[in-house]
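In: Show me the folded form of this:
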Amino acid sequence: MSKISGLFIIARNSASTYKGKPVKAQEVSKELGVRYILEGSGRKADSQVRINVQLIDGTTSGHLWSERYDRPLYGIFTLQDEITQQIATTLGVEVLEAEQKRIRRIPTENLTAYETLLRGREYFSHFTKETNTQARQMYEKAIELDPQYAAAYAALGVTYWVEWALQWSQDPQSLERASELAQKAITLDDSLPGAHRLLGAVSLWKDRQHDLAIAEGERALALDPNNAEGYAMLANILTFAGRPEEAIALLEKGMRLNPRAPNYSFYLFELGHAYHWLGQYEKAIALQKRVLLLNPNDFVAHLELAKIYDELGREEEARAEVAEALKLNPQYSLEALRERHPYKDPAALERYLAAMRKAGLK
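Out: Below you'll find the model as predicted:
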């Protein structure tokens, strides 16, 4: 459903926080700022699946449509398409021809591979070093089961990208591996949003090709206009490309789509980063402090605060933030900072390096 441009769909990991809880549709509608709520359940028995689904008007709690489906498991993708079409029809939403094709595309003929991918996504959603490794194992198994499974290659690539970005691994090949897997996924399925999202990230961080990174980020959002991570990733690219004002608008949209993201601090950090480069220092400071409330071990937020404090002439606070960052990552250096920050404008990078040197980073 998120691939339909005429719909506004809250992200899966925000919506799933209500799973198994006795909440009312009107409460969910108000908390998430949405008009309609889709409720449902699924049961699998042998080769059969039973799906109960109902569409509710969140403002009145009135039922707009409901149905029960008893189908063979091998027809699960057709059933997903059928439910999506019924919801769009009920809401009077136009589904464009290109969107129809993407919705109807069967990602894999191997249902075991599909289930394995879903298990991997569940692990990944916890966003820790350990669950990232577990997710990778699931994605690798999915590829073994179906070597043509494009989504599995893209998902596997993301695990390498994340471990590099968060420095969970010191393997210098992580970023290269992420790039290779993104290319493989696009070769298998050029309409896969996640593959373009990943390629946008590695085009920026690995290749420093800002224009290509922006194009890939925009392509990902065109294919999946409700993907919160897509907005955050493109915003990240635009800030490094010197377009922070555009980045802020995208981040606000992403945060609206995924208000309970497990990596919500990432959105806050990127928003603070963009406000900093706009010269709105107090907003930037407040956002980085919120990051540290959510994740006290985010050493990059400490560095960002140090940079802002230095530019404001608050040298003692800048040095304190660098000291905190080095407690968390003692090996970090000016050279590492130079290598990892892909600012399009060389002067922006030199400005950052000068601030960090002054604040005590060596």
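In: Helix or strand, whichever it is, which one in this structure has the lowest mean pLDDT?
Out: One helix or strand of the chain scores below all others by mean pLDDT, DSSP states H and E: helix 97-104, with a mean of 84.
In: give the contact list for the nearest residue to Leu91 once chain neighbours are set aside.
Out: Spatial nearest neighbour of Leu91, excluding adjacent residues (CB to CB, 6 or more residues apart in numbering): Tyr36 at 6.8 Å. Backbone N, C-alpha and C define where each C-beta goes, glycine included. For Tyr36, the residues meeting the contact criterion (CB atoms under 8 Å, 6 or more residues apart in numbering) are 29, 55-58, 64, 91.
In: related to what we said a few turns ago, output the contacting helices and strands for the least confident helix or strand of the chain.
Out: helix 76-91 (3 or more CB pairs under 8 Å, 6 or more residues apart in numbering; DSSP states H and E).
In: Sort out which residues of the helix it packs on are buried, please.
Out: Of the residues in helix 76-91, those buried by neighbour count under the rule 16 or more other CB atoms under 10 Å are 76-77, 79, 81, 83-84, 87-88.
In: What ranges does the stretch 51-200 of the chain have for its helices?
Out: With DSSP state H, counting those that start in this stretch applied, the stretch 51-200 of the chain shows helices at 76-91, 97-104, 111-124, 129-145, 150-165, 174-188, 193-205, listed in chain order.
In: Quick check: nearest residue in space to Gln134, chain neighbours excluded?
Out: Nearest residue to Gln134 in three dimensions, chain neighbours excluded: Tyr123, at 4.2 Å (CB to CB, 6+ apart).
In: Spatially central residue (nearest the centroid) of the chain, please.
Out: Among the residues of the chain, the smallest C-alpha distance to the mean C-alpha position (CA atoms, centre = their mean) belongs to Glu229, namely 2.6 Å.
In: Could you check which helix or strand contains that one?
Out: Secondary-structure assignment from DSSP states H and E places Glu229 in helix 228-240.
In: how about the CA coordinates for stretch 51-61, as CSV?
Out: What follows is stretch 51-61 as a C-alpha-only set of coordinates in CSV (Å, rounded to 0.1, in the frame of the first residue of the first chain):
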residue,chain,number,x,y,z
ILE,A,51,-6.8,-13.4,6.7
ASN,A,52,-9.4,-11.2,8.6
VAL,A,53,-9.3,-7.5,7.7
GLN,A,54,-11.4,-4.5,8.3
LEU,A,55,-11.1,-0.8,7.4
ILE,A,56,-12.2,1.7,10.0
ASP,A,57,-12.9,5.4,9.9
GLY,A,58,-10.7,6.6,12.8
THR,A,59,-12.8,9.7,13.4
THR,A,60,-16.0,7.8,14.0
SER,A,61,-14.9,4.2,14.6
